[in-house]
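Colleague: got a predicted structure here, sequence first:
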Amino acid sequence: MRLLVIWFDRVMAVIGPLMGDGAQQSIAFAEAAKVPLLTLSHRQGLPEQGEYIFRNSLTTQQQVEVLADYAIEELGLNSYAILAPDSRAGQEFSQQFAAAIESRGGDIEYRLTFAEQATDFRRQLLLMKGEDPDAPPEEHTKVVVASTDDQALVGGKQVEPEEQPDWLPTVDFEALFIPAYAESVALIAPQLAYYGIENVQLIGINGWNAPSLIQQAGRYTRGAIFTDGFYAQSDDVHVARFVDQYKARFAELPSILEAQAYDCAKIVLTQFSQAEMTNSAMLQQGLLSLEHFAGISGIQGFDEHGEAERQPVLLQMGRRHLERISWVSTPELVPEVENFKILDSYRFNEN
């Protein structure tokens, strides 16, 4: 039935589906009909399954690559722990982040999981400190880390205990990656402080991009960094116009899903506006040759497999606001300019 609809209605492109199962089922129909399918699902491996399959969705791989680049190249962090939900997405993020860090010379000290609906993270956090979570409470002792023979490494130099600054981490890793949604992070962050895991860089994913996280745990997440594919408060003229029009129509801010769908529609309509674009085969070639597209969701074009090429957004948490970090990790893309940061911030409603 779906194939007949595509043929008889002379469909030249399909945008969607959003969910992985629907996208997987639609691939066979799109390939049989030779009609480009622009899916919004982030399920791994979809574009590689056919010549007519394209994807505009922020993927796990795109997120971990920019996070690993920034954490190692800009922040100089070399040792990491991972605390991930025990889910398919959590496992995927954990595995790919570990691979990205290790490929850049970093070390993964701990990889721990928690149940998706968990509210108590005592066991995982004590394990991160090198303590036995099954031991009586009085036997728990604070672990001295980043140290050798009571000396600490600060800037590559041995520092005596009395000279050690108070910002030294209290564990043997410098950063903690938590690929979870804001609801879980809001519970984890205060417990990190409670169990004495301090002065570590928190790193997250696009699931952190929710006002509720700062409102509920702002004092514990300050300085944390995470990535997303869309930044509604951007001062980019195209993003601002889209946000204004969306708010006027639906009375709420758009999310990355709306931004990705908008970009897909705009890409297809732009292709259709060309006089020579008369069939789906030509559209497929036009999508493959797309370059320098100024997508509001970060999309710039598609690679040879149909995967969107994009630059994810890096964001840093303040106590009551987010700061956008615009950072270039590949010098050849910006001739004669080294890595740089530009911060622009916005404030959530504090009422």
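Modeller: Received the coordinates, thanks. Residues are numbered from 1 along each chain as shown.
Colleague: just checking, S57 touches S41?
Modeller: Yes - counting by C-beta atoms under 8 Å, S57 touches S41, with 5.9 Å between them. To be clear about C-beta, it is placed using only N, CA and C from the backbone, and glycine gets the same treatment.
Colleague: out of these two, which sits in the more crowded spot?
Modeller: S57 (26 against 20; other C-beta atoms under 10 Å).
Colleague: buried residues, stretch 241-260. List them.
Modeller: The neighbour-count check on stretch 241-260 (16 or more other C-beta atoms under 10 Å) flags 242-243, 246, 254-256, 258-260 as buried.
Colleague: pull the residues that contact that stretch.
Modeller: Residues outside stretch 241-260 that contact it (C-beta atoms under 8 Å, 6 or more residues apart in numbering) are 18, 40, 56-58, 206, 228-230, 232, 262, 296-297, 299.
Colleague: span of that stretch from start to end?
Modeller: 15 Å (C-alpha to C-alpha, to the nearest Å).
Colleague: ok, stretch 227-245 next?
Modeller: First-to-last residue span, stretch 227-245, C-alpha to C-alpha: 25 Å.
Colleague: can you map out the strands along the stretch 151-300 of the chain?
Modeller: Using DSSP state E, counting those that start in this stretch, the strands found in the stretch 151-300 of the chain span residues 151-154, 157-159, 175-178, 201-204, 225-228, 299-302.
Colleague: other SSEs contacting the fourth one?
Modeller: Contacting strand 201-204 under the criterion 3 or more C-beta pairs under 8 Å, 6 or more residues apart in numbering; DSSP states H and E are the following elements: strand 175-178, strand 225-228.
Colleague: out of those, which gets nearest to K34?
Modeller: Closest of the helices and strands packed on strand 201-204 to K34 is strand 225-228, at 34.0 Å (criterion: C-beta to C-beta).
Colleague: that closest one pairs with which strands?
Modeller: Here strand 225-228 is paired, per DSSP bridges, with strand 201-204 (parallel), strand 313-317 (antiparallel).
Colleague: need these in JSON lines (columns: mean neighbour count).
Modeller: Shown next, in JSON lines, are these (neighbours: other C-beta atoms under 10 Å):
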{"stretch": "strand 201-204", "mean neighbour count": "22"}
{"stretch": "strand 313-317", "mean neighbour count": "21"}
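Colleague: ranking the ones you listed by mean pLDDT, which is last?
Modeller: Within the strands paired with strand 225-228, confidence is poorest for strand 313-317, with a mean of 93 (mean pLDDT).
Colleague: and the very next helix or strand once past it with strand 313-317, angle?
Modeller: Using DSSP states H and E, the helix or strand that follows strand 313-317 towards the C-terminus is strand 321-327. With axes from the mean of the first three to the mean of the last three C-alpha atoms, to 10 degrees defining the directions, strand 321-327 sits at 140 degrees from strand 313-317.
Colleague: strand 321-327 packs against which elements?
Modeller: Against strand 321-327 (3+ C-beta pairs under 8 Å, 6+ apart) you get strand 313-317, strand 341-347.
Colleague: sort out which residues of it are buried, please.
Modeller: Buried, per 16+ other C-beta under 10 Å, within strand 321-327: 322-325, 327.
Colleague: give me the number of residues near the closest residue to A240 other than its chain neighbours?
Modeller: Of all residues not flanking A240 in the chain, S234 sits nearest, at 6.9 Å (C-beta to C-beta, 6 or more residues apart in numbering). Neighbourhood size, S234 [other C-beta under 10 Å]: 18.
Colleague: verify the contact between S234 and R324 for me.
Modeller: Yes - between S234 and R324 there is a contact at 7.2 Å, judged by C-beta under 8 Å.
Colleague: now do the helices in this protein.
Modeller: 2-8, 20-33, 60-69, 88-103, 122-128, 182-194, 211-221, 237-250, 256-272, 280-288 (DSSP state H).
Colleague: show me the shaky parts of the stretch 151-300 of the chain.
Modeller: Within the stretch 151-300 of the chain, the stretches with pLDDT under 70 are 151-170.
Colleague: could you redo the last one with a cut-off of 90?
Modeller: Across the stretch 151-300 of the chain, the ranges flagged by pLDDT under 90 are 151-172, 198, 210-212, 218-219, 231-236, 272-281, 291-292, 294, 298.
Colleague: domains in the protein, by residue range?
Modeller: In terms of domains, the chain is parsed into 2-58+259-310, 61-228 (source: automatic domain parsing).
Colleague: Throw those into CSV and include distance to M317, thanks.
Modeller: As requested, those are exported to CSV (distance: least, C-beta to C-beta, whole Å):
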stretch, distance to M317
domain 2-58+259-310, 19
domain 61-228, 5
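Colleague: can you list the strands paired with strand 225-228 in a markdown table and add distance to S103?
Modeller: Putting those into a markdown table (distance: least, C-beta to C-beta, whole Å) gives the following:
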| stretch | distance to S103 |
| --- | --- |
| strand 201-204 | 16 |
| strand 313-317 | 19 |
